[in-house]
Structure formats: structure tokens, C-alpha cells
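Peer 1: I need the structure of the sequence given here:
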Amino acid sequence: MKKLFFLFTVLVFLTQAHAQNNTIFERATEAYNEGEFQKAIDFYQKILDNNQHSAALYFNLGNSYYKQGEIGSSIYYYEKALLLEPNDAEIKNNLGYAKNMRLDAIEEMPETAFARFYGITVNYLSFESWAYLAVALMFLFVLSYIAYYLLQGSTQKRIAFITSLVAVSLCMVTTVFAYLQYEDFKKDNPAIIFAREIAVTAEPNQRSERIFTLHEGTKVNVLETLGDWQKIKIADGQTGWLPSENLRILKDF
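Peer 2: Got it, this is the predicted structure:
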């Protein structure tokens, strides 16, 4: 009885929290539509403070910061939204506009045809989405396999058998894709530069030689952390060190 009461209490709490976040989200959207962008940001931040996040929330934060001319913050939240919805055309479009406002124009390293195909295929969905799809296909396989034994007609049994084979085959493929995407997700540690201008050095100290300079809104990949310094890599393959306070990690949720 105590367990049942506890579960009921948790359910009520979660329901109330969800309703509260929805109310705050609606108030934030109203503020945005009225041109009160900082007020909208404050409302959206309250939802984040409640440990709730979504692609829509990050997208709206990106829009709000963009309207205020805060390019670094807008890119940061668009990129976070894109991590959750990697194929959302609207997020990509707005991110493109924000990137055009950056000072750094870094040419990306060329990819082989196989690397492009791999990226397009494996990264078409997030690893969570691939995993959910694998589970759904496994259920389809089980149902088709059961139907094969229960159905009487030869045509129906043939359809059920073929469906089960296709489902289990696709299930294995999507499981592999989920694993590959998750491994890529773990290896990649993207961040956004938040300093107006920061020198990237050869070693993790202020006396080291300056290699190149980065500006607000540029996306980097963090390779290593040493004290208050982080080793980063940019799109053209160059690496160097900069103080941790000058960037914000994207995968912090």
C-alpha cells in the first residue's frame, strides 16, 4: 500500500511539473511574439532549471538570442537543438543564418565519398531513435512470427514469414546503426566559443606561442582537458589549447 501511495505521489508530482513547464513555455512564446526576447529567454531558462529540455526549447532559445544579436548564444542553442533533432530543416536553416554572422570562416576538411555516405546514413537519426526503431522492428518480427504459425492460408503464411525476415534483418541493421551512432556521439565533444576573441596556443599556458585566433560562435571539438585548459580541434584539422572559460560544451544535458 505504501509503495502504491509513493508511486501515485510521484505520478502526481510529474504531472504537475509537466503542466507547469507547459504553462511557462506558453508564457515564453507569448513574450517572444510580443518582441520581449529577454523575458522569453528568462522563461525558457526556468524550464531548463527544472531539468527539462527538448529540441523545441533549445530552438526557441536560439531564436530569442538571435533576435537580440547574441550570435554565440544563438548558435549554441541551435546546435543543442540539432543534437536532439539532427534532420530538422528549420533548425538547420536558422543555424545557417546565425553562422553567417560569425567572424571565423573555417574551411572544413574534405571527406571521402564513403565518409559522406556513412555520415548521412548513420547520423540520419539519433542513437536513441535508432534504438527505438530497433525495438519496434523486433516487436514486428515477433508478431509476424506468431502470425506465421496461427494463419491457415499459404499466401498469408508466406507474407507473415517474409515480413518476419525483413523485420529481423532491419532490426539488426538499426541496432548496428544505434551502436555506431552512440560511439560517434561519445567520441565527439563539441563546444561553442563564447569569447569575443581568443588566442589558441600551442601549449596549455599563457606564455605559449599563439597558433591561431577564434571568435564568438565558432564550433570546436574538445579533445582533452588539463586543469583550466582544453585542447580543441577546429573543422580544418588544426588543434591547440585555450582556457576552458572561453567555451561552452554542447553535450551538457
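
Peer 1: got the buried residues for the longest helix seen in the chain?
Peer 2: Of all the segments assigned as helix in the chain under DSSP state H, the longest by residue count is helix 154-187. When neighbours are counted by 16 or more other CB atoms under 10 Å, the buried residues of helix 154-187 are found to be 160-161, 163-164, 167-168, 170-171, 174-175, 177-178, 180-181. Bear in mind the C-beta positions are built from the backbone N, C-alpha and C, glycine included.

Peer 1: from those residues, which shows the smallest pLDDT?
Peer 2: Least confident of these in the model: Gln181, at 86.

Peer 1: ok, it - contacts?
Peer 2: Listed by CB atoms under 8 Å, 6 or more residues apart in numbering, the contact set of Gln181 reads Val122, Asn123, Leu125, Ser126, Phe127, Trp130.

Peer 1: switch to 7 Å and redo it
Peer 2: Gln181 makes contact with Val122, Asn123, Ser126, Phe127, Trp130 under the criterion CB atoms under 7 Å, 6 or more residues apart in numbering.

Peer 1: which one of these has the most neighbours?
Peer 2: For the contacts of Gln181, the largest neighbour count, defined by other CB atoms under 10 Å, is 23 neighbours, found at Trp130.

Peer 1: what sits against that residue?
Peer 2: Taking CB under 7 Å, 6+ apart as the contact definition, Trp130 lies against Thr174, Phe177, Ala178, Gln181.

Peer 1: so for the closest residue to the first one other than its chain neighbours, what's the pLDDT?
Peer 2: What it means is Thr174. Sequence neighbours aside, Ala134 is the residue nearest to Thr174 in space, at 4.2 Å (criterion: CB to CB, 6 or more residues apart in numbering). pLDDT, Ala134: 95.

Peer 1: make JSON lines out of the contacts of Gln181 and add pLDDT, distance to Thr201 and secondary structure.
Peer 2: What follows is the contacts of Gln181, written out as JSON lines (pLDDT from 0 to 100; distance: CB to CB, whole Å; DSSP: H, G, I helix; E, B strand; the rest coil):
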{"residue": "Val122", "pLDDT": "85", "distance to Thr201": "34", "secondary structure": "helix"}
{"residue": "Asn123", "pLDDT": "80", "distance to Thr201": "32", "secondary structure": "coil"}
{"residue": "Ser126", "pLDDT": "80", "distance to Thr201": "35", "secondary structure": "coil"}
{"residue": "Phe127", "pLDDT": "84", "distance to Thr201": "35", "secondary structure": "helix"}
{"residue": "Trp130", "pLDDT": "92", "distance to Thr201": "39", "secondary structure": "helix"}
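
Peer 1: can you pull out the strands in the stretch 101-250 of the chain?
Peer 2: Counting by DSSP state E, counting those that start in this stretch, the segments of the stretch 101-250 of the chain that form strands are 190-193, 197-201, 210-215, 219-226, 229-233, 239-243, 247-249.
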